[in-house]
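# Any chance you could fold what I've pasted below:
(chains A and B)
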Number of protein chains: 2
Amino acid sequence: MKIALAQINYHIGNFEGNLQKMLAAVESAQKQGADLICFGELAVCGYPPRDFLEFDDFIRKSAASIEALRLASKGIGIVVGAPSHNPVVEGKDLYNSAYFLFDEQILGVQHKALLPTYDIFDEYRYFEPASAFHTVTFKGKKIALSICEDIWNVGNENPLYTICPLDEMMPEKPDFILNISASPFDYAHAELRIRTIRANVERYKIPLFYTNHVGAQTDIIFDGGSIVMSPDGKVFDEMPYFEESLQVYSLEEVQRGGRVSEQPKDKMRLIHDALVVGIRDYFQKLNFRKAILGLSGGIDSAVTAVLASRALGPENVRVLLMPSQFSTGHSVDDARDLAERLGIQYDIIAIKPMYDAFETALHPHFTGLPFNVTEENIQARVRGTLLMAMSNKFGNILLNTTNKSEMAVGYGTLYGDMCGGLSVLGDVYKTEIYELVNYINKDGEVVPRNTITKPPSAELRPGQKDSDSLPPYEVLDPLLYQYIECRQGPRELVEKGFDENLVKRVLKMVNINEFKREQAAPVLRISSKGFGMGRRMPIVGKYLS
Amino acid sequence: MKIALAQINYHIGNFEGNLQKMLAAVESAQKQGADLICFGELAVCGYPPRDFLEFDDFIRKSAASIEALRLASKGIGIVVGAPSHNPVVEGKDLYNSAYFLFDEQILGVQHKALLPTYDIFDEYRYFEPASAFHTVTFKGKKIALSICEDIWNVGNENPLYTICPLDEMMPEKPDFILNISASPFDYAHAELRIRTIRANVERYKIPLFYTNHVGAQTDIIFDGGSIVMSPDGKVFDEMPYFEESLQVYSLEEVQRGGRVSEQPKDKMRLIHDALVVGIRDYFQKLNFRKAILGLSGGIDSAVTAVLASRALGPENVRVLLMPSQFSTGHSVDDARDLAERLGIQYDIIAIKPMYDAFETALHPHFTGLPFNVTEENIQARVRGTLLMAMSNKFGNILLNTTNKSEMAVGYGTLYGDMCGGLSVLGDVYKTEIYELVNYINKDGEVVPRNTITKPPSAELRPGQKDSDSLPPYEVLDPLLYQYIECRQGPRELVEKGFDENLVKRVLKMVNINEFKREQAAPVLRISSKGFGMGRRMPIVGKYLS
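Coordinates of the predicted model:
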């Protein structure tokens, strides 16, 4: 038996687009002699569809795609994910289902049992969990069909769940396992995924075929990396990261095993490629082509410009250099240097005239009051307004360049440098950005050395440095990581050796700035806990604040 | 037996503040001879605590409050909600629990079984549902203890759930039902709440005592309205809306029934009072005192100014009048007129100098291109920057004045008129704002007549009116209501008689503007479906767009 895995970049709600991609893959798989082709979880509608699922129309359109695939299943089995109606009054209205289609028939429908409801996942909001588990028989083979999380409770060892779907199917003695997933990327996820698949294979001693989505849906990035594992627990094949792919495998060869083929898993390469895909898909899926950003001469905007050029092509990226009276001369030089190296259009607009106009207008109201954060913010907001004006006039979407460290502690101006349609680096700590720039420069200097070596500064007052108001990033970032990613509280952080006063100060900064993050652009998610829908914090809370 | 219901304005994460309020209520109830006092769901930590629940420290602090209340329970029963550890490895780590404390003992702990996971609710993200149900015996009475949603599946008729907690307790023949809730306000909720409580009382023929939270947690507003219902199905008492209250009831009198005492439920009064509380609590709980907003002479900013004055006192509200060359003369007059009537500080800053400075700076880049939405947005962003500068300099928090109709169709400028820490009217349709202004003016003209009668306009180009680019609000609002609140899709909307092209156009406007709403201020929620955490839509989705 020949089994094709199709790793596809779906688009939420784009039923026609998703269907055309799947029909093309069916045709290609058939040409390659495949008996069976597997698509992803909720492939017909994309993932996560969120509250679109509450619209009957959306469910009808999903059903229409399944109908079209059923009619295309002459001579080839098709496994595909879609929402399906729960026919019973009791329970939620929908199941998250895997359809097995063949010869214009529905051979079987297996619903998802384990519904992740943590971090970015809200599946229990929409779906009723499966209560029945049966294999599907196809061309003499018994197939255990499962959906994403269903294989993440191996032998019921995950305390979140009380059922292990594959355990339930084993009495029927399946020949192999299929898992159709929509499992989002983070830089540590690929290792974890392989470990989990291996735990299943070691438990059941049969091959496992796993298909994933690829591509980004706003902030959520899917890396692909679909996997075929032989009963010997070896990765028979791992499909490429961050690109669409269709591969056909011989079940007999997979059964035999003895082959290992894995993708490289260097953290910075993964983050780099994820961010490039994140930018590209945001633009393609919203039907935009061109980006704009402010280039300050600092490292964050430099890295953002590089990633945008790689995602969209240098001809589709333009930048504004917007020096103030506090900008150092070499900031403009460094920015211009980078723009020229990348071959992107740059324009220079000094912000002083606008800043002065605000100062004059506000002067009667501010008499006698000292220069403070107000005036710093006016500079940032003048820049935001200039960028948005260019964006509005020319249709270039503004990319935000804020990093995760700044975003965490609220070191940024709302409606100023926090402007933008998409935050490229909002899940990358400042210390990681230095690693990322080394990766970018590994084969030659792309980002100018001076941009990397100078001390970080917002340049909003004379001689300002980030380290005036923030702890050094080498101290700050590990503390933020423990608090944000690992949910360690003040007691645990002090036990881990962080200074008690620093812990108190930093946690307070993080918590009181929730109101800013609430209004931030969506953040491309590359860690296990990004700012966005996966981290839900009260705004008026008075906790560690 | 005398039972006290305490309807308290809790504050998320403010353990000390919440505990002090509860201890004071315990003392007061004891003085009034109460045998038992009931607080709200998750009262020790406030509702909704969201991902704070993922921190052990937060759970430890909750436990410490329960311990303090236990020590305060000498001679009085205390029923109070708190998260509690699930001692079993299997299942989620926490329960949403009701503690029954008396004489320094824990008489019983009942966990919540029905965990709402829809709209603003995410309880299944955090909690394990209860699987055991027992009454608590106190002073010779058997009490059926339940938490909020637990009474919303009367006789298992709610398809979302498969268990009816009170049905499970009835074999123990309880004498009365206690329900501790955190049930958010919407303008239709009070009626629904009474119907649901009555359905329980009619089923079990025993009294039901229901306590609710009061006050706002950012966008979520609790109205209080705690209820005592007699076995005759009559509302023995409904406690006041939108204020803290402590009432002591004689179980025997409630048992006897025959009394009806309800609060008035006029929609506009409810909305008005909810918004005032929403503003007040946002400021009090974040430790702010003063507000600022832009007053345009239009109805939305006028209503916002009235509500802010009532919430914070006129001495704590200041406004900016920021005319442009497109502002009509009477706009400034109308705005000044209102400010003077309200007795709030106003300043006038013409935006032309800043606008001109931007135009000059951008001119070399915009040569030959016509005036369009770019220039309109610059005006809005200059105003946003001026308001934020005043906010930064004087500590006045900016209130946003966008209404729900505009927010829905994206008729507003990001980083311009969409600025603000809190959206006051973002859940109130334009047509409802006209009703609200009539309510405000019912005892005399507060908002100037001219502000109400002139056609709505953003005044961003000569002679502009909202009706140039939007359908009339009388047509638009019912369509938005059916789509947003009632989740009707295109087919159903046309069946309801809406014009097919209009449906297509409006749904597209709503869907393509998700990126704007993503960056909007939190919106005080007064309807059953507000923009915010209760409505979760993809941004890159290509659906009805």
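
# from here on, contacts and neighbour counts on C-alpha atoms
Will do.

# near chain B, which residues of the stretch 51-200 of chain A?
Selection of the stretch 51-200 of chain A residues close to chain B by C-alpha under 8 Å from any C-alpha of the partner chain yields A:51-52, A:54-57, A:89-92, A:117-118, A:122, A:124-126, A:158-162.

# try 7 Å
A:51-52, A:54-57, A:89-92, A:117-118, A:124-125, A:159-161 (C-alpha under 7 Å from any C-alpha of the partner chain).

# buried subset of these?
Among those, those buried by neighbour count (16 or more other C-alpha atoms under 10 Å in any protein chain shown) are A:51-52, A:54, A:56-57, A:91-92, A:117-118, A:124-125, A:160-161.

# which ones among these are found in helices?
Mapping those onto helices (DSSP state H) picks out A:56-57, A:124-125.

# How far off centre is the helix or strand of chain A with the lowest mean pLDDT?
None of the helices or strands of chain A scores lower by mean pLDDT, DSSP states H and E than helix A:466-469, at a mean of 86. Between the centre of helix A:466-469 and the centre of its host chain there is 30 Å, according to C-alpha atoms, centre = their mean, to the nearest Å.

# Disregarding flanking residues, what is the spatial nearest neighbour of the residue in the stretch 401-545 of chain A that chain B sits nearest to?
In the stretch 401-545 of chain A, no residue comes nearer to chain B than residue A:519, which is 4.2 Å away by C-alpha to the nearest C-alpha. In this structure, residue A:519 finds its nearest non-sequential neighbour in residue B:519, 4.2 Å apart by C-alpha to C-alpha, 6 or more residues apart in numbering or on different chains.

# next one: residue A:149
Nearest non-adjacent residue to residue A:149, counting by C-alpha to C-alpha, 6+ apart: residue A:114, 5.7 Å away.

# Confirm for me that that neighbour is in contact with residue A:150.
Yes: contact criterion C-alpha atoms under 7 Å: residue A:114 and residue A:150 qualify, at 5.3 Å.

# Stretch A:218-237 vs chain B: in contact?
Yes: counting by C-alpha under 7 Å from any C-alpha, chain B is contacted by stretch A:218-237 at residue A:218.

# would you put the C-alpha positions of that stretch in PDB?
Output of stretch A:218-237 as PDB, limited to C-alpha atoms (Å, rounded to 0.1, in the frame of the first residue of the first chain):
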ATOM      1  CA  THR A 218      -1.800  35.600  11.600                       C
ATOM      2  CA  ASP A 219       0.300  34.900  14.700                       C
ATOM      3  CA  ILE A 220       0.100  31.100  14.700                       C
ATOM      4  CA  ILE A 221       2.800  29.400  12.600                       C
ATOM      5  CA  PHE A 222       2.700  25.800  11.500                       C
ATOM      6  CA  ASP A 223       6.100  24.200  10.600                       C
ATOM      7  CA  GLY A 224       4.900  21.100   8.800                       C
ATOM      8  CA  GLY A 225       7.600  18.500   9.600                       C
ATOM      9  CA  SER A 226       5.100  15.700   8.900                       C
ATOM     10  CA  ILE A 227       6.500  12.400  10.100                       C
ATOM     11  CA  VAL A 228       6.600   8.800   9.200                       C
ATOM     12  CA  MET A 229       7.800   6.500  11.900                       C
ATOM     13  CA  SER A 230       8.600   2.800  11.600                       C
ATOM     14  CA  PRO A 231       7.800   0.200  14.200                       C
ATOM     15  CA  ASP A 232      11.500   0.300  15.200                       C
ATOM     16  CA  GLY A 233      10.900   3.800  16.600                       C
ATOM     17  CA  LYS A 234      13.100   5.400  13.900                       C
ATOM     18  CA  VAL A 235      12.100   8.500  12.000                       C
ATOM     19  CA  PHE A 236      11.600   6.900   8.500                       C
ATOM     20  CA  ASP A 237      11.000  10.400   7.200                       C
END
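
# Could you give the separation of that stretch from the chain centroid?
17 Å.

# Contacts for that stretch next, please.
Around stretch A:218-237, the neighbours that count as contacts under C-alpha atoms under 7 Å, 6 or more residues apart in numbering or on different chains are A:7, A:183-185, A:198, A:201-202, A:205-216, A:238-242, A:254-255, A:257, A:259-262, A:274, A:278, A:282, A:522-525, B:539-540.

# For stretch A:356-368, give the mean pLDDT please.
Across stretch A:356-368, pLDDT averages out at 97.

# Could you give me the buried positions within it?
A:356-359, A:361, A:366.

# Spell out which parts of the stretch 351-500 of chain A neighbour chain B.
Near chain B, when you scan the stretch 351-500 of chain A using C-alpha under 7 Å from any C-alpha, you find A:353-354, A:357-358, A:361, A:374, A:378, A:381, A:385, A:389, A:392-393, A:415, A:487-489.

# Out of the residues you listed, name the ones that lie in helices.
Using DSSP H, those in helices are A:353-354, A:357-358, A:361, A:374, A:378, A:381, A:385, A:389, A:392-393.

# All the helices of the stretch 201-350 of chain A, in order from the start?
Along the stretch 201-350 of chain A, counting by DSSP state H, counting those that start in this stretch, helices occupy A:251-256, A:267-285, A:299-312, A:329-342.

# ditto for the stretch 1-150 of chain A
A:15-31, A:56-71, A:123-126.

# now the second one: how far from the chain's centre is it?
This points to helix A:56-71. 27 Å.

# any idea of the angle that helix forms with helix A:15-31?
Relative orientation of helix A:56-71 versus helix A:15-31 (axes from the mean of the first three to the mean of the last three C-alpha atoms, to 10 degrees): 20 degrees.

# as a whole number, average confidence for helix A:56-71?
98.

# other SSEs contacting it?
Packing contacts for helix A:56-71, counted by 3 or more C-alpha pairs under 7 Å, 6 or more residues apart in numbering or on different chains; DSSP states H and E, involve strand A:77-85.
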